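Enquirer: Coordinates only, no sequence provided:
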């Protein structure tokens, strides 16, 4: 800049310092002006009485301010004179250089390096003046430098803002959370009381509803997911998908719901005996609301059911009698899965999990050993009570090991563990696809559109057993997997000692750290997203398909990649998004259900809303009358609300609506399979809702007048029965 260039300006010395010639005169004028002003003010104020102490202070302050303002005016005038001299000198230099009086080495040079860059030319380039483009370039460079400086200042301020974490409902999971936050080096503050303080991260141990009316932040639970993964409800959801995709959902054992399906269970067992007279099937009974292995038992006769099943709600499944053994012991796998978002769907799987072993050598079930829970049940909460349970300090030994060590042992025995892991990933995606429609209904009821609310994510625990044919079988999905890093050791009756578990630390600490790095709560996320555009994942419509979501731009070198050297691997949409997109047809049915719910935030559809749906979609014509539709509503709703005192007046949940939708598709739509009939019925409903045009996914993302039907292009569609 010109302010840093040395120029021949007339100067003189004042008190040992060099100053321009005009400065001395200006100083004298300023001193005269202030002295005259002060003397005139004193002359005017002499006849007046001396004011009070407060008034004297105000008067002195006013005089001080006036003196400061006068000094500022003098400084501005001095700087203006200085800049004028510099500009005049620059013009003279440019005129001399542009007149051709010097060239090459004879060009006037300056000893100062900055003046050489701004005024003179380099050797061999001829005469060059400061062009307008160079001035513009320097101006832009200066602006970028100021912008970077401002960004650094803002980032430094953000680092001082603590990440607030609510751990009042974390229970036993709080220890691993504290360790991970400290190891990440984040500046955070903990709120462990029940006060309603807005926080950046809410860590709940059980349910989304642990805290009532959460403000905007991040919560580690989804609303309604705890109820959806209970044994009976999960069986219903997977059974619905088995009807549409029989070959894709063979990983879940045949299941009956008790007590309502008791007679069907007895009839199916009788058919099994007729097909294989010499084979006695074994079944396992699990209470619907049970956990940690409580209430689970094995039977070989339906008439041996206890109160769990005959009175208390439960499920009964075919027992996997030929599991894969390791060291002649039965084991299962606990696989950790992160659902980072449902709009759009983002699923990650942890490459490290847990292998849980029984404490007795396995034998095929017989009447004599059905009661041996330590032989047939792999639940950690049960086997830790056994005297043979081994707590090892290494992850490749003991009754609880790391999943990678178990896979290594299987690989040494010649098993294809790579294909096994691929099958497990597919099992996880298909299960979440079955849960997703109901989860979206619960999500939209709890956190309605255009309502500021929390952002959710959740860690799920998939319990999987492997058959001797290396086929994974889903046992259950745990919405609140234990994140404890220790275990209780009983020293004497009633006296327990808490001992750290190295295996749990090896698995769970990297898992929680990578989850926190991925979700970036509070100021951590704002710090990493500063100056970057919002990714498509956070700005897409709630009805845009995952295939339309673009991948976020890569981070710069100074930003941390959350998946760099991470134990989390993205499996949706990156790996299976295109392969299993057809499994998400029920989500289109969920959209239809959400349109006709009526009251925002409702989760049940009334009889009037169901009639409106049938009339708007023109379903009450031909072979299916409106009277038949009313009877169907009553029958289906009564069956689903058998435990509710309101009965049919309670309304139709989405599962009941989906069952009725399947019934209408079987009666009204054409096709060889139920999937074809349901697809055609969905197209028919969307066609009539859009006034005779069929909705087809629009890859361009053009906005329409009906946003609830998504981003679509249109084409004409004929009648449903054509």
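Expert: Sure, I can see it. Note that the structure is predicted; figures quoted are calculated from it, not measured.
Enquirer: Just want the most central residue of this structure.
Expert: A centroid search over the chain (Cα atoms, centre = their mean) returns residue 340, at 3.1 Å, as the residue closest to the centre.
Enquirer: which strands and helices sit next to the one helix or strand it maps to?
Expert: Under the criterion DSSP states H and E, the helix or strand holding residue 340 is strand 329-342. Under the contact criterion of 3 or more Cβ pairs under 8 Å, 6 or more residues apart in numbering; DSSP states H and E, the helices and strands touching strand 329-342 comprise strand 345-350, strand 354-357, helix 403-412, helix 417-446, strand 458-466, helix 502-519. Using the backbone N, CA and C atoms, a C-beta is placed for each residue, glycine as well.
Enquirer: helices or strands next to the fifth one in the packing?
Expert: Under the contact definition 3+ Cβ pairs under 8 Å, 6+ apart, strand 458-466 sits against strand 329-342, helix 417-446, strand 472-478.
Enquirer: after the shortest one, next one along is what?
Expert: Beyond strand 472-478 in the direction of the C-terminus, DSSP H and E gives the next helix or strand as strand 486-492.
Enquirer: Summarise which helices and strands the following helix or strand past that following strand is packed against.
Expert: Secondary structure here is assigned by DSSP H and E; on that basis, the next helix or strand after strand 486-492 toward the C-terminus is strand 495-500. Applying 3+ Cβ pairs under 8 Å, 6+ apart, one finds that strand 495-500 makes contact with strand 486-492.
Enquirer: Run through the residues that contact the closest residue to residue 652 other than its chain neighbours.
Expert: Closest residue to residue 652 in three dimensions, ignoring its sequence neighbours and counting by Cβ to Cβ, 6 or more residues apart in numbering: residue 605, at 4.5 Å. By Cβ atoms under 8 Å, 6 or more residues apart in numbering, the residues touching residue 605 are 593, 596-598, 613, 651-653, 657.
Enquirer: at 10 Å what do you get?
Expert: When contacts are counted by Cβ atoms under 10 Å, 6 or more residues apart in numbering, residue 605 is found next to 593-594, 596-598, 612-613, 633, 637, 651-654, 656-657, 660.
Enquirer: got a list of what residue 349 touches?
Expert: By Cβ under 10 Å, 6+ apart, the residues touching residue 349 are 335-338, 421, 424-425, 428-429, 462, 567-572, 575.
Enquirer: I'd like the distance between the nearest residue to residue 259 once chain neighbours are set aside and residue 220.
Expert: For residue 259, the nearest residue in space outside its immediate sequence neighbours is residue 310; the separation is 5.7 Å by Cβ to Cβ, 6+ apart. Between residue 310 and residue 220 the distance, using Cβ to Cβ, to the nearest Å, works out to 37 Å.
Enquirer: In terms of neighbours, single out the busier of those two.
Expert: For the pair residue 310 and residue 220, the greater number of neighbours falls to residue 220 (23 against 12), based on other Cβ atoms under 10 Å.
Enquirer: Quick one: residues contacting the more buried one.
Expert: The neighbourhood of residue 220, defined by Cβ under 10 Å, 6+ apart, consists of 170, 173, 177, 201-205, 208, 338, 456-459, 480, 512, 515, 519, 521.
Enquirer: Over to residue 175?
Expert: By Cβ under 10 Å, 6+ apart, the contact list for residue 175 reads 167, 483-486, 508.
Enquirer: go on, residue 582?
Expert: 244-245, 248, 433, 675, 679.
Enquirer: quick revisit: please produce a ChimeraX select command covering the buried subset of the contacts of residue 349.
Expert: Selecting in ChimeraX just the buried members of the contacts of residue 349, where the criterion is 16 or more other Cβ atoms under 10 Å, is done with this command:
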select :335,336,337,338,421,424,425,428,429,462,567,568,570,571,572,575
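Enquirer: ok, how many other residues are close to the closest residue to residue 353 other than its chain neighbours?
Expert: Here the nearest residue to residue 353 in space, its sequence neighbours aside, is residue 403; by Cβ to Cβ, 6+ apart that works out to 3.6 Å. Taking other Cβ under 10 Å as the criterion, the count of residues near residue 403 is 22.
Enquirer: mind checking pLDDT for the residue nearest to the centre of the chain?
Expert: Model confidence at residue 340, given as pLDDT, is 94.
Enquirer: Spatially nearest residue to it (excluding sequence neighbours)?
Expert: Nearest in space to residue 340, with sequence neighbours left out and distances taken as Cβ to Cβ, 6+ apart, is residue 346 at 4.3 Å.
Enquirer: partner residues bridging that neighbour?
Expert: Here residue 346 shows beta-bridge partners residue 341, assigned using DSSP bridges.
Enquirer: I'd like the numbering to begin with 221 instead of 1 from here.
Expert: Understood, numbering begins at 221; the last thing we discussed is residue 566.
Enquirer: I'd say it and residue 790 touch.
Expert: Yes. With contact defined as Cβ atoms under 10 Å, residue 566 counts as touching residue 790 (7.1 Å).
Enquirer: Which neighbours do these two have in common?
Expert: Contact with both residue 566 and residue 790 is made by residues 558, 560, 738, 797, according to Cβ under 10 Å, 6+ apart.
Enquirer: Looking at the residues you listed, which one is closest to residue 580?
Expert: Distances from the shared contacts of residue 566 and residue 790 to residue 580 were compared by Cβ to Cβ; the smallest belongs to residue 558, at 33.9 Å.
Enquirer: got a list of what the closest one touches?
Expert: Going by Cβ under 10 Å, 6+ apart, residue 558 touches 440, 566-570, 677-680, 731, 734-735, 738-739, 788, 790.
Enquirer: again, only using 8 Å
Expert: Counting by Cβ under 8 Å, 6+ apart, residue 558 makes contact with 567-570, 677-680, 735, 738, 788.
Enquirer: Could you work out the most separated pair of those residues?
Expert: Within the contacts of residue 558, two members stand farthest from each other by Cβ to Cβ: 680 and 738, at 15.0 Å.
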